[in-house]
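Engineer: No sequence on hand, only this structure:
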């Protein structure tokens with residue numbers, strides 16, 4: 001009963017927050033994303049229509065929710081030839097600064113003696129990066145994401161970090177920071193020359209950096225998945241380097257087609273029903289495409305941690321298994337109507353696509 005009240009309170013709070021915030025449309029009201037950010041005030045929501053936007057943007061200290069209307073596959077911010085990171089957070093933005101549902105590509109990092117953060121540059125800020133695809137970016141440090149001076153608070157959720165390159169930290173580079181990375185897919189990133197194998201193709205931790213890697217897949221990065229001064233604290237994740245930690249595995253994730261950057265899970269993937277559902281907040285009970293989390297695959301033995309009978313998959317995608325039931329209320333397809341079905345209904349609450 002307390003869980004139902006908690007979810008209801010979240011929903012009421014969300015509705016109240018949305019009622020007080022302005023919604024800004026791109027490109028119908030502002031032709032560029034940066035112009036919309038510049039015109040916004042804290043608490044606003046900026047909704048971007050599908051398309052490719054040739055920009056390199058900065059949040060400029062604005063605590064706004066920047067999201068696409070149709071998801072990352074349909075909406076790209078491309079900073080090619082602009083000589084900067086695709087997105088920058090460097091003015092004390094907090095967790096109210098959210099970027100959600102974009103493909104970020106073509107970035108070369110914030111300029112300097114060493115370029116940093118090809119896809120996203122974060123300095124002394126704690127934004128949320130959610131349901132994004134960060135790919136084909138380059139930098140000296142942190143081809144995909146660079147985080148510095150953020151001891152806690154940075155959250156990276158339901159995000160793919162793929163095919164980025166850097167001298168150190170092809171996918172992610174952290175220094176004096178401890179980001180929380182949950183249900184992400186960090187794959188096919190590369191770092192420098194494999195002189196001693198510590199450059200961290202997927203994730204590199206510099207001084208005073210650790211971080212958390214939970215319910216994630218770290219696979220096919222070169223010269224190694226993790227590198228630097230310390231590995232992130234890793235749980236219920238599939239890491240090619242066989243990192244110790246509760247619930248961790250090291251087995252081919254069986255992507256549908258990694259060569260075509262399709263990182264959905266094939267039937268039989270060891271990542272299915274293998275995550276820790278207790279680590280998934282209600283706002284994250286949808287995957288990168290808006291698909292429901294905790295979908296049971298009856299052909300797979302659950303190896304993760306269940307909450308009310310629901311076990312999430314590792315990685316950014318939840319495998320959507322079509323389950324037939326003669327009972328309309330049986331959303332989980334387990335043959336009965338119970339609390340897990342109510343949770344699944346609440347996770348889908350809102351406007352239909």
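Structural biologist: Received it, and whenever you're ready, just let me know what you need. If you're wondering where the values come from, they're calculated on a predicted model, not measured in any experiment.

Engineer: where do the helices sit along the stretch 101-250 of the chain?
Structural biologist: For the stretch 101-250 of the chain, no helices turn up when DSSP state H, counting those that start in this stretch is the criterion.

Engineer: And the stretch 251-353 of the chain, by the same measure?
Structural biologist: Applying DSSP H, counting those that start in this stretch to the stretch 251-353 of the chain gives helices spanning 339-347.

Engineer: which regions of the protein lie under the pLDDT threshold?
Structural biologist: Applying pLDDT under 70 to the chain picks out residues 1-20, 193-198, 322-353.

Engineer: tell me, what residue is most central in it?
Structural biologist: residue 159 (2.4 Å; Cα atoms, centre = their mean).

Engineer: dump the residue contacts of that residue.
Structural biologist: By Cβ atoms under 8 Å, 6 or more residues apart in numbering, the contact set of residue 159 is 129-134, 184-185, 288, 316. C-beta: built from backbone N, CA, C; applies to glycine.

Engineer: Kindly reformat those residues as CSV and extend each row with neighbour count.
Structural biologist: As requested, the contacts of residue 159 are arranged in CSV below (neighbours: other Cβ atoms under 10 Å):
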residue, neighbour count
129, 28
130, 23
131, 24
132, 32
133, 25
134, 32
184, 28
185, 29
288, 26
316, 29
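
Engineer: start to end distance for stretch 70-78?
Structural biologist: 17 Å (Cα to Cα, to the nearest Å).

Engineer: List the buried residues for it?
Structural biologist: Using 16 or more other Cβ atoms under 10 Å as the test for burial, stretch 70-78 gives 71-72, 74-78.

Engineer: Show me the contact partners of that stretch.
Structural biologist: 33, 48-55, 57, 68-69, 86-87, 101-106, 131-133, 160, 288-290.

Engineer: how far is that stretch from where the chain is centred?
Structural biologist: Chain-centre distance of stretch 70-78: 14 Å, with Cα atoms, centre = their mean, to the nearest Å.

Engineer: same check, this time on stretch 199-213
Structural biologist: Counting by Cα atoms, centre = their mean, stretch 199-213 is centred 16 Å from the centre of its parent chain.

Engineer: Now do residue 81: how many residues are near it, please.
Structural biologist: 9 (other Cβ atoms under 10 Å).

Engineer: List the contacts of the closest residue to it other than its chain neighbours.
Structural biologist: Leaving out its chain neighbours, the residue that sits closest to residue 81 by Cβ to Cβ, 6 or more residues apart in numbering is residue 106, at 7.6 Å. Residue 106 makes contact with 78-82, 86, 136-137, according to Cβ under 8 Å, 6+ apart.

Engineer: and if we set it to 6 Å?
Structural biologist: Contacts for residue 106 (Cβ atoms under 6 Å, 6 or more residues apart in numbering) come out as 78-80.

Engineer: what does the domain assignment say about the chain?
Structural biologist: Following automatic domain parsing, the chain resolves into domains at 74-250, 267-353.

Engineer: start to end distance for the first one?
Structural biologist: Right, domain 74-250. Using Cα to Cα, one end of domain 74-250 lies 32 Å from the other.

Engineer: now that domain, how far from the centre of its chain.
Structural biologist: 10 Å.
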